[in-house]
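1. Need the 3D shape of this:
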Amino acid sequence: MPGYIGAIRNYACFYEGTLLVAAFNYPVRVTAYERDVLQNLLTYSRFLQLVAGQIRDTEEAFHYTIQALARAAEANDDDTGNHIVRVGSFARELARGLGCLPNFCREIALAAQMHDVGKIHIHPDILRKPGRFNPG
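-> Numbering: from 1, shown residues only. Now for the predicted structure:
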């Protein structure tokens, strides 16, 4: 039978939340040392889960901030529509066409949306002025 490990005789396990750390059929009697190692492994694994969740939350907040800034830059530009989204999509496709890694393609699509963020500090009358600018 595939995957059958036989009778379980000598084991130690710890369970917490969604994690289970277990060792089965030790060739010698499980001592306090082995139990401590498994318990420490569980604690370390929970810590890594916590850090991974915090990293994920920070990345999501960062991405939200970039998108909010890009949208703010677009607010004074009536005729651009979804210009920032299109620029991000074009940048992603260019990166994909160049053979860049998928993670880079996602990040460049997001970063490209920042290309007009400097417009936030420019007065709308200047941004909407028809024709060329004249000195003075």
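2. Every contact and neighbour count from this point should use C-alpha atoms.
-> OK.
3. Please name every helix or strand in contact with the biggest helix by length in the chain.
-> Longest helix in the chain by number of residues (criterion: DSSP state H): helix 32-74. Identification of packing neighbours for helix 32-74 by 3 or more C-alpha pairs under 8 Å, 6 or more residues apart in numbering; DSSP states H and E yields strand 11-16, strand 19-24, helix 83-97, helix 102-112.
4. Can you pull out the low-pLDDT segments for the protein?
-> Within the chain, the stretches with pLDDT under 70 are 1-5, 76-81, 136.
5. 90 instead, please
-> Applying pLDDT under 90 to the chain flags the ranges 1-39, 42, 66-86, 113-136.
6. ok, H83 - contacts?
-> If a contact means C-alpha atoms under 8 Å, 6 or more residues apart in numbering, then H83 has no contacts.
7. Could you check how far it is from F24?
-> Between H83 and F24 the distance, using C-alpha to C-alpha, to the nearest Å, works out to 58 Å.
8. Would you mind measuring from K129 to I122?
-> Counting by C-alpha to C-alpha, the gap from K129 to I122 is 12 Å.
9. sorry, that was for A12
-> 66 Å.
10. Just want to know which of those two has more residues nearby.
-> Neighbour count, other C-alpha atoms under 10 Å: between A12 and I122, A12 has more, with 18 against 11.
11. who wins for proximity to E74 among the helices and strands packed on helix 32-74?
-> Closest approach to E74 among the helices and strands packed on helix 32-74 (C-alpha to C-alpha): helix 83-97, 7.6 Å.
12. quick one: buried residues of the closest one?
-> Neighbour-count burial for helix 83-97 flags H83, I84, V85, V87, G88, S89, A91, R92, E93, A95 (criterion: 16 or more other C-alpha atoms under 10 Å).
13. ok, the residue lying closest to the second one once chain neighbours are set aside - contacts?
-> When the adjacent residues along the chain are set aside, I84 lies closest to Q113, with 5.0 Å between them (C-alpha to C-alpha, 6 or more residues apart in numbering). With C-alpha under 8 Å, 6+ apart as the criterion, the residues that contact Q113 are I66, Q67, A70, I84, V85, V87, G88.
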